[in-house]
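> What would the 3D arrangement of this be:
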Amino acid sequence: QVQLVESGGGLVQAGGSLRLSCAASGRTFSSYAMGWFRQAPGKEREFAAAISWSGGSTLHADSVKGRFTISRDNAKNTVYLQMNNLQPEDTAVYYCAARDWKAVATVPGGYSYWGQGTQVTVSS
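As a prediction, the model looks like this:
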C-alpha cells in the first residue's frame with residue numbers, strides 16, 4: 001500500500017504558475033511509476049504527465065507539453081508537477097497516482113493508488 005497526499009493547488013491568473021507536490025508514504029516510493037491526472041467538472045479524468053521509477057523517462061500530454069513538467073525526488077518520496085503559463089482550460093482537480101510498475105502509463109486504469117486531489121483554478 002502507498003498513501004498519496006497532494007498539495008500546492010490554488011487560484012491563479014492566466015499566465016501564472018503553480019507547483020503541485022505529491023508526498024508518498026508506505027511502501028518503497030522508488031518502486032513506483034507516478035502520474036498526474038486532472039478532472040474538470042463534467043469531464044472524464046484525463047492524463048497530464050507521468051514519470052518512471054527512476055525519473056529517467058517522462059511523458060506529458062500534448063495539451064500540457066511545453067508548459068508542465070513532472071519530476072520526482074525519491075529521497076523525499078515526492079513527485080512534482082510544475083505548471084507554467086496556466087490557462088483557464090487547465091482548471092480542474094489534479095490527482096497524483098502511483099502504479100506497481102516502474103514504467104509509465106497514460107490511462108487511469110494503469111494506476112492502483114490515488115491521492116485525494118487538489119483544486120487548481122485559473123482565472124482569465
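
> The helix or strand containing residue 49: what's the following helix or strand?
Per DSSP states H and E: residue 49 is located in strand 46-51. Next in sequence after strand 46-51, counting helices and strands by DSSP H and E, comes strand 58-60.

> Look up the closest residue to residue 29, ignoring the ones flanking it.
residue 77 (4.2 Å; C-beta to C-beta, 6 or more residues apart in numbering). Glycine gets a C-beta too; all of them are placed from N, C-alpha and C.

> How about residue 101?
Nearest to residue 101 is residue 33, by C-beta to C-beta, 6+ apart, at 5.7 Å.

> This protein: strands as residue ranges?
2-7, 10-13, 18-26, 33-39, 46-51, 58-60, 68-73, 78-83, 92-99, 113-114, 118-123 (DSSP state E).

> Just checking: what are the partner strands of the fourth one?
Taking DSSP bridges as the criterion, strand 33-39 sits next to strand 46-51 (antiparallel), strand 92-99 (antiparallel) in its sheet.

> where does the residue nearest to residue 60 when sequence neighbours are not counted land on pLDDT?
Closest residue in space to residue 60, ignoring its immediate chain neighbours: residue 49 at 4.7 Å, by C-beta to C-beta, 6+ apart. pLDDT for residue 49: 98.

> what do you get for residue 1?
Per-residue pLDDT puts residue 1 at 81.

> Am I right that it is in contact with residue 113?
Yes: counting by C-beta atoms under 8 Å, residue 1 does reach residue 113; the two are 7.4 Å apart.

> contacting residues around the residue positioned nearest the centre of the chain?
In the chain, the centroid-proximal residue (C-alpha atoms, centre = their mean) is residue 36; its distance is 2.3 Å. Contacts of residue 36 were listed using C-beta atoms under 8 Å, 6 or more residues apart in numbering, and they are 20, 22, 48-50, 70, 79, 81, 94-97.
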